[in-house]
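Chemist: model the structure of this input:
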Amino acid sequence: MGDWNRSTRECTPASLPVEFTAAVQKHIEQYNLGLTLSDASMCIESTARKIKRGLFARGAETVTMGVILTPGWLIWAIRGESPEVAVMSARLADIVVQDYGSTQFAKMVPDSGLEVSGSFTGVSEKGSAFIGLDNGPLSQGFRALLLRLVQAAKA
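Modeler: A predicted model of the protein is given here:
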């Protein structure tokens, strides 16, 4: 495993931290995504805590991510040490999703989660993003559902 201790739990969009829900709602409205938080097929919250290593290891660092999956969209909100929440989204028909462990990056930086590549809302060029997840059954179920919905969106 990498430098992060990850834990993932299932939730509802309403049970995410208030600032996450507000940031996601603002993103949905700003980009006219045409959906509501009640459209969620699944919602998870993933928390990553930096593992301290070495003599000069910094203090505790935590990154929290809320991920909302709908039949047509993947939306994720991220907050690190800054109190601001960043939100990204992508139409499922416009992305490719793979297990991070099967990517070339995983050989250099071991970790667990998903790599999402393709077109993201409000970004002019294609790119990729990492969604960190633990290796538990809930995360495996989320991966499987996301892959099924991406395939269905492209059909």
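Chemist: for this protein, just list every one of the helices.
Modeler: 18-30, 105-108, 137-154 (DSSP state H).
Chemist: can you redo those as TSV with mean pLDDT?
Modeler: Shown next, in TSV, are the helices of the chain (pLDDT from 0 to 100):
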stretch	mean pLDDT
helix 18-30	96
helix 105-108	80
helix 137-154	95
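Chemist: roughly how far apart are Ser7 and Leu146?
Modeler: Using C-beta to C-beta, to the nearest Å, we find Ser7 at a distance of 19 Å from Leu146. Quick note: C-beta positions are derived from backbone N, CA and C, even for glycine.
Chemist: more crowded one of these two?
Modeler: Comparing Ser7 with Leu146 by other C-beta atoms under 10 Å, the one with more neighbours is Leu146, at 21 against 14.
Chemist: from what I see, that one and Ile95 are in contact.
Modeler: No: taking C-beta atoms under 8 Å as the definition, Leu146 is not a contact partner of Ile95, at 9.5 Å.
Chemist: who touches both of the two?
Modeler: Leu74 (C-beta atoms under 8 Å, 6 or more residues apart in numbering).
Chemist: buried stuff in stretch 18-28?
Modeler: By 16 or more other C-beta atoms under 10 Å, the buried positions in stretch 18-28 come out as 20-21, 23-24, 27-28.
Chemist: wait, stretch 108-118
Modeler: In stretch 108-118, counting by 16+ other C-beta under 10 Å, buried: 111-118.
Chemist: now do Trp4, the pLDDT please.
Modeler: Note on Trp4: pLDDT of 82.
Chemist: excluding its backbone neighbours, what's nearest it?
Modeler: Ala48 (4.3 Å; C-beta to C-beta, 6 or more residues apart in numbering).
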